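> Below: sequence and its predicted model.
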Amino acid sequence: MTSDTALTVQQTARPHGFPSPAHFAFVESALEGPAPGSALVENLYWSVDPYHREMMDGDFALDAPLEGRTLGRVIASREPSLPEGEIVFHRKGWRTHAVVTPREARVLPRFEGVPLSAHLGILGGTGLTAYVGLTRITPVRAGDDLFVSAAAGGVGTAAGRLAKLLGAGRVVGSAGSAAKVAYLKEHVGYDDAFDYHEGPAAALLAKAAPGGVDLYVDNVGGEQLEAAIEGLRDRGRILRVGTVAQYNSTRALAAPRNLSEIVEKSLRMEGFLVRDYYDVQEELYAYVVPHLLSGRIGLDETVVDGFDRIVEAFLGMLRGENVGKMIVRART
Ligand SMILES: NC(=O)c1ccc[n+]([C@@H]2O[C@H](COP(=O)([O-])OP(=O)(O)OC[C@H]3O[C@@H](n4cnc5c(N)ncnc54)[C@H](OP(=O)(O)O)[C@@H]3O)[C@@H](O)[C@H]2O)c1
């Protein structure tokens, strides 16, 4: 790549099961200048997310650049509201450069002392998902005991930290390794955690939360959702955030097989999409930034250096190689 060229990552084939690097191509093209009313952005940070895997099954056009949450610096502008030097957020995704209009990009607020990458984690879509879930969809009530699955990921770490600040009681989580379990207890503030590979989820949850839980934050679905339905107290709530156990599977998940308990225990289950709640973004800043600055909330992120490693980072996130939000950073 030269200073006159840009790189994009494109999906070249639909995966059956787990994707591989062969499903992607890095494509070089001439660097476009901005047309009147737009700005040229050099991208600095990219988010790789489980929903990209879902989109690979049909929503992403083949042989076209992949969309995604991205931060970059305006390097040339023909649009006064996107001045050169500003850091912007946009969704043009997996490319080294993007031409954006004001409708496609948002100038980011600068919070002195807060790293830029936080805008893709706790201050971005990930944090917003946890915050909306725990304040709007199934609000945390004082003393609520929680179970969170995929607890060591982006949404899971944010959910654990925010739940405690919002007045939760005991918070337990599940994750895919002993190292993640230790991280949750030592750094994120989880009261207990378990590795879901170590046995049936229902038994592991019963051990970690012997008295049951009031609220389950479900990032995974399947067997862990079934375990949570079993472990929830009467009138418990389930926040359906995602189904990452399903995205690489070629078969429908067998569990949960105990939906009748939703009736018998008067449970509530509600899902949502964060994209319907962007109006809560300013509230998220107001709530979280003071806690970031005081150190009460730490950053949970795994940063992979180099745009050339974006596919590797994405596949690694699907395999569970991330602790906290998986982020790719441009080499400087
Ligand atoms: N509703 C919304 O608007 C919205 C917005 C953002 C995210 N989400 C959803 O929230 C969930 C978490 O997303 P995220 O961005 O924070 O990703 P993440 O949790 O940071 O990364 C994905 C994690 O999933 C875990 N995982 C992979 N395969 C699994 C399996 N078969 N069973 C259990 N865990 C598995 C891995 O951790 P382990 O090592 O623990 O297995 C991996 O680290 C996803 O379901 C995503 O689709 C929903």
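Perfect, I can see it now. Worth saying up front: this structure is predicted, and the values here are computed from it rather than measured.

> What is the three-state secondary structure of the nearest residue to residue 216 once chain neighbours are set aside?
Excluding the flanking residues, the one nearest residue 216 by C-beta to C-beta, 6 or more residues apart in numbering is residue 228, at 3.8 Å. Heads up, the C-betas are built off the backbone N, CA and C, glycines and all. Taking DSSP: H, G, I helix; E, B strand; the rest coil as the rule, one finds residue 228 in the helix state.

> and residue 228, how many neighbours?
Neighbour count of residue 228, defined by other C-beta atoms under 10 Å: 29.

> what does the protein have sitting close to the ligand?
Remark: the part of the chain in contact with the ligand comprises 49-51, 125-126, 129, 150, 152-156, 175-177, 180, 219-220, 241-245, 272-274, 317-318, 320, 322, 325-326, using C-beta under 6 Å from any ligand atom.

> which SS state does residue 168 fall under?
Classification of residue 168 by three-state DSSP places it in coil.

> In contact with it, which residues?
With contact set as C-beta atoms under 8 Å, 6 or more residues apart in numbering, residue 168 has these partners: 140, 143, 144, 145, 146, 215.

> returning to that earlier point: can I have the buried ones of the residues of the chain next to the ligand as a ChimeraX selection?
Those of the residues of the chain next to the ligand that count as buried under 16 or more other C-beta atoms under 10 Å are selected in ChimeraX with:
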select :49,50,51,125,126,129,150,152,153,154,155,156,175,176,180,219,220,241,242,243,244,245,272,274,317,318,322,325,326
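
> ok so, going back, what subset of the contacts of residue 168 is buried?
Buried subset of these (neighbour count, 16+ other C-beta under 10 Å): 140, 144, 145, 146, 215.

> Which strands or helices does the helix or strand containing residue 284 pack on?
Of the helices and strands defined by DSSP states H and E, residue 284 is found in helix 281-294. On a contact count with 3 or more C-beta pairs under 8 Å, 6 or more residues apart in numbering; DSSP states H and E, helix 281-294 meets helix 125-132.

> Would you mind confirming that residue 178 is in contact with residue 195?
Yes. Between residue 178 and residue 195 a contact is recorded at 5.8 Å, counting by C-beta atoms under 8 Å.
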